[in-house]
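1. My questions concern the predicted model and sequence given below.
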Number of protein chains: 2
Amino acid sequence: MELVTIIGLCAATLTTSAFLPQMWRTWRTKSATDVSYLMLISFMSGLFLWLVYGIYLKSLPIIVANSFTLFFNLIILWLKIKYR
Amino acid sequence: MELVTIIGLCAATLTTSAFLPQMWRTWRTKSATDVSYLMLISFMSGLFLWLVYGIYLKSLPIIVANSFTLFFNLIILWLKIKYR
C-alpha cells in the first residue's frame, strides 16, 4: 500500500472517529437538540458529494471516511427524529 | 474547471460550513465544554493529515476544505483554552 494511501487512511480514521462521542452522547441522552436539522442535512449532503468525489478519484481513504461519517450522521438524524 | 473539482468544492463548502454553528456557539457562549480536548486534537490531527493527502494528490477541494476546517477548529481550541 502506498504511503499516501496510508496517510489518507490515518486521516480518515481520526476525523471519522471524532463523530463517535457525538453519536454516543445522542444515543445515551436520547436527544440531539444541539444539532439542527439544517446543519445535519447540509453536512450529510456534503459527505455524499465527497463520496461521489472519492469514487471518481478512486481514492480509498475518501470513500472510507465519508461512508462511515455519513452512516454515523444517519444514525444521529434517526435518533433526532425518533426522540423529537 | 472540471466537473469532479466542482463536486469536490461543493462538498468542501457544505462540510466546512457545518462547523460554523459550533464555532459561533463557542464564541457567543464563551465556553466549549461539550468539546473535549482529546476529540478536538485528534480531529485536528486528522484534518492536518487530510491536508498532506490533498497536497500530495494536488486536489484543490481537499486542500480548501481541510485548511478552513483546521482553521475553524484552531479557533475553537483557542476559545476553549481562553475560557477554561
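-> Cool, got the structure.
2. Return the residues of chain A in contact with chain B.
-> Neighbours of chain B within chain A, by CB under 8 Å from any CB of the partner chain: A:4, A:7-8, A:10-18, A:21, A:34, A:36, A:39, A:42-43, A:45-50, A:52-53, A:56-57, A:59, A:61-62. C-beta: built from backbone N, CA, C; applies to glycine.
3. how does it look with 7 Å?
-> Within chain A, the positions adjacent to chain B are A:4, A:7-8, A:10-11, A:14-15, A:17-18, A:21, A:36, A:39, A:42-43, A:45-47, A:49-50, A:52-53, A:56, A:61 by CB under 7 Å from any CB of the partner chain.
4. Now restrict those to buried residues only.
-> A:7-8, A:10-11, A:14-15, A:17-18, A:39, A:42-43, A:45-47, A:49-50, A:52-53, A:61 (16 or more other CB atoms under 10 Å in any protein chain shown).
5. By mean pLDDT, point me to the weakest helix or strand of chain A.
-> helix A:20-29 (a mean of 82; mean pLDDT, DSSP states H and E).
6. Past that one, which element shows up next along the chain?
-> Remark: after helix A:20-29, the chain's next helix or strand is helix A:37-57, criterion DSSP states H and E.
7. what angle sits between the following helix or strand past that next one and helix B:60-82?
-> Remark: after helix A:37-57, the chain's next helix or strand is helix A:60-82, criterion DSSP H and E. Relative orientation of helix A:60-82 versus helix B:60-82 (axes from the mean of the first three to the mean of the last three CA atoms, to 10 degrees): 60 degrees.
8. Many thanks, we can stop here.
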